[in-house]
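1. sequence plus the predicted model coming up.
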Amino acid sequence: MNNGKEYSVYNYDRKSKNSTIDVYDYKTGDKVRTLLNTAEIEGIDYIISYQFSDDETKLLLATKLKQIYRRSSVGIYYVYDLNLKELTLVSDHQIQEPTFNGDSSKLAYGYNNNLFVKDLNSGETKQLTSDGKVNRIINGITDWVYEEEFSVVRAFDWNISGDKIAFIRFDETEVPEFLMDIMGNELYPTQQVFKYPKAGEKNAEVSLHIYDLKTDQISQVDLSGFNNYYIPRIKWTKDSSLLSVQLLNRPQNKLDLILVDVSNKNATSLLHQESDDAYVSVNDDLTFLKNNKFIWTSEKSGWNHIYLYDENGKNEQQITSGSWEVTSYYGFDENTGLLFYNSTQNGSINRDVYSVSLKGKKTKRLTLKTGFNNASFSKDFSYFINTYSSATIPYTYTLNESKNGKVVREIKNNKDLVNKLKEYKISPKEYSTLLINGNLLN
């Protein structure tokens, strides 16, 4: 949670069939309070998942979810006001990707291939686009290709002031159709028809648009001067008028990171470029700081490492370096100036959690047990829950301090499983290496 001292948990009582969202203290593990109990709220029997608004005054509650593809789903959603103790139904229909604006006064979502905004104060719902059509046009939600290949479903984003929404429009008209038999529970199968481009076939044509809530106008961004075949990521910066956009060519070996200035007629400028003979990876590591400097991860050296650039994409500073990989970027703490990541610095078969300053100094290993470590940080980066395992030790969970890695408390040790395994004659695990074409492989 925002205070960095507490975390929330979804609990479901199978006997009473009630759902609760409870708050616990990181340091002690004690339950502090209950934010929501469906037994006490009229109009909702259970929830499947929940999400806080940025200011943590509201909860977005998901029910009756129906899977579409691997990552996408539709569902019935409610907003619960924690101060007023009021429940609001977002829509009578099953909708996609509802997302709060910055001050939690509005909620944008996708329905029937169009974008909508619900004003949570007035209750009014406004339809932003009207050309959405199944197997033709999608606004603000990705097609199957983007969901599968770029691991993204939501293709819209609020700016920090909550008065503009950037979204991607997918024109699937020329994409070949694929028919799939759905066996289901009936005597005969049904057929699902969807757009599926096989190798060499046309992909959806994508375009970038900005909706202005103040003027109720939609404008298109001209991307013709860049590698614009794919738009895998859009993200507003800390400046409410500047949108960052990642663009890829079709071979996916050239990436342009650009800025769109919505205060200057959607003027575009190139911020950074990546290229590779084979492939450029797309990820969600891009982090804009308060001064609009940005953190970026890249494999351009042959190893995945972390870099810092100024607001113009210049003055590159490599934060991590060496013949090893950064395997996860956890984030940056503006208060301490420390960046947190996971890497193979301690050997390619190991994973450890580290902290480092933006200048690449004061690198500190925060996990001292050799094996596989993975961290989940509190909102303010003061604590992290570490998941540890090795070839001989099952998963253990501890709460650690982020400043030094010190274990605050043990959450789960799995000692019963360790003792049980001692009763069996399990062959010891050994690691070996092979020299292949001059490279030492595990």
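-> Yep, it's here.
2. what sits against residue 156?
-> Residue 156 makes contact with 97, 99, 108, 110, 115, 140-141, 165-168, 234, according to CB atoms under 8 Å, 6 or more residues apart in numbering. To be clear about C-beta, it is placed using only N, CA and C from the backbone, and glycine gets the same treatment.
3. in strands, which of those residues fall?
-> 97, 99, 108, 110, 115, 165-168, 234 (DSSP state E).
4. quick one: contacts of stretch 258-269?
-> Stretch 258-269 is touched from outside by 159, 164, 166, 208, 210, 212, 219-223, 225-226, 237, 241-245, 247, 270-271, with contacts defined as CB under 8 Å, 6+ apart.
5. tell me the SS of the nearest residue to residue 176 once chain neighbours are set aside?
-> Taking CB to CB, 6 or more residues apart in numbering, and ignoring the residues beside it in sequence, residue 176 has residue 201 as its nearest neighbour in space, at 5.4 Å. Under DSSP: H, G, I helix; E, B strand; the rest coil, the three-state class of residue 201 is coil.
6. what helix or strand is the closest residue to residue 338 other than its chain neighbours on?
-> Sequence neighbours aside, residue 355 is the residue nearest to residue 338 in space, at 4.7 Å (criterion: CB to CB, 6+ apart). Taking DSSP states H and E as the definition, residue 355 sits inside strand 352-357.
7. from the contact counts, what lies against that strand?
-> If contacts are counted by 3 or more CB pairs under 8 Å, 6 or more residues apart in numbering; DSSP states H and E, strand 352-357 sits against strand 338-343, strand 364-365, strand 372-377.
8. would you mind finding the most buried of the ones you listed?
-> Mean neighbour count, computed with mean count of other CB atoms under 10 Å, is highest for strand 338-343 among the helices and strands packed on strand 352-357, reaching a mean of 23.
9. given that strand, what are its sheet partners and their directions?
-> strand 326-333 (antiparallel), strand 352-357 (antiparallel) (DSSP bridges).
10. got a list of contacts for the shortest one?
-> Read that as strand 352-357. For strand 352-357, the external contacting residues (CB under 8 Å, 6+ apart) are 319-320, 330, 337-343, 345-346, 362-367, 373-375, 384, 386, 402-403, 405.
11. make it 6 Å
-> Contacts to strand 352-357, defined as CB atoms under 6 Å, 6 or more residues apart in numbering, come from residues 337-342, 346, 363-367, 373, 375.
12. any low-confidence regions in the chain?
-> Along the chain, no part satisfies pLDDT under 70.
13. what's the burial count for the nearest residue to residue 86 once chain neighbours are set aside?
-> Nearest non-adjacent residue to residue 86, counting by CB to CB, 6+ apart: residue 80, 7.3 Å away. By other CB atoms under 10 Å, the residues close to residue 80 number 21.
14. equivalent analysis for residue 225, please.
-> Neighbour count for residue 225, taken as other CB under 10 Å: 11.
15. do the same with the one 3 residues further on
-> Neighbours of residue 228 under the rule other CB under 10 Å: 19.
16. ok, it - contacts?
-> Going by CB under 6 Å, 6+ apart, the list of residues near residue 228 reads residue 247.
17. if I look at it, how far off is residue 208?
-> Look at residue 228 and residue 208: by CB to CB, to the nearest Å, they are 9 Å apart.
18. ranges for the helices of the chain?
-> Under the criterion DSSP state H, helices of the chain are mapped to 144-149, 415-421.
19. so which of these comes closest to residue 13?
-> Nearest to residue 13, of all the helices of the chain, is helix 415-421, at 25.2 Å by CB to CB.
20. residue contacts, residue 307?
-> Taking CB under 6 Å, 6+ apart, we find residue 307 in contact with 296, 298, 316, 318.
21. make a ChimeraX selection of whichever of those residues turn out to be buried.
-> Filtering those down to the buried ones (16 or more other CB atoms under 10 Å) takes a single ChimeraX command:
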select :296,298
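22. from the contacts of residue 307, pick the one nearest residue 394.
-> Distances from residue 394 to those, taken by CB to CB, are shortest for residue 298, at 35.1 Å.
23. show me what residue 21 is bridged to.
-> Applying DSSP bridges, one finds that residue 21 bridges with residue 10, residue 36.
24. gap between residue 170 and residue 73?
-> The gap separating residue 170 from residue 73 is 18 Å, by CB to CB.
25. okay, these two: which has more neighbours?
-> A count of neighbours by other CB under 10 Å puts residue 170 above the other of residue 170 and residue 73, at 26 against 16.
26. correct me if wrong: that one contacts residue 203.
-> No - counting by CB atoms under 6 Å, residue 203 is not a contact partner of residue 170; they are 9.2 Å apart.
27. OK, contacts around residue 252?
-> By CB under 6 Å, 6+ apart, the neighbours of residue 252 are residue 279.
28. can you put the contacts of residue 307 in CSV and add distance to residue 286?
-> Shown next, in CSV, are the contacts of residue 307 (distance: CB to CB, whole Å):
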residue, distance to residue 286
296, 6
298, 11
316, 15
318, 16
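29. from the contacts of residue 307, which is closest to residue 427?
-> Within the contacts of residue 307, the smallest distance to residue 427 is 41.1 Å, found for residue 298 (CB to CB).
30. residues contacting that closest one?
-> Listed by CB under 6 Å, 6+ apart, the contact set of residue 298 reads residue 307.
31. that one pairs with what?
-> With DSSP bridges as the criterion, residue 298 is bridged to residue 305.
32. measure it to residue 255 for me?
-> 10 Å.
33. same question for residue 325.
-> 19 Å.
34. which one of those two has more residues nearby?
-> Ranked by neighbour count (other CB under 10 Å), residue 325 and residue 255 place residue 255 first, with 23 against 18.
35. residue 297: what's it in contact with?
-> Under the criterion of CB under 6 Å, 6+ apart, the neighbours of residue 297 are 285, 306, 329.
36. so which of the residues you listed is the closest to residue 67?
-> Lowest distance from residue 67 to these (CB to CB) belongs to residue 285, with 27.6 Å.
37. quick check: that closest one touching residue 327?
-> No - look at residue 285 against residue 327 with CB under 6 Å: they stay out of range, at 11.5 Å.
38. of those two, who's got more company?
-> residue 285 (18 against 13).
39. which residues does that one contact?
-> Each residue near residue 285 by CB under 6 Å, 6+ apart is listed here: 297, 329.
40. any idea how far it is from residue 319?
-> Per CB to CB, residue 285 is found 12 Å from residue 319.
41. just to revisit the earlier point, between the contacts of residue 297, which is closest to residue 132?
-> Nearest to residue 132, judged by CB to CB, of these is residue 285 at 31.1 Å.
42. rewinding a little: in ChimeraX, select just the buried ones from the ones in strands among the contacts of residue 156.
-> Those of the ones in strands among the contacts of residue 156 that count as buried under 16+ other CB under 10 Å are selected in ChimeraX with:
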select :97,99,108,110,115,165,166,167,168,234
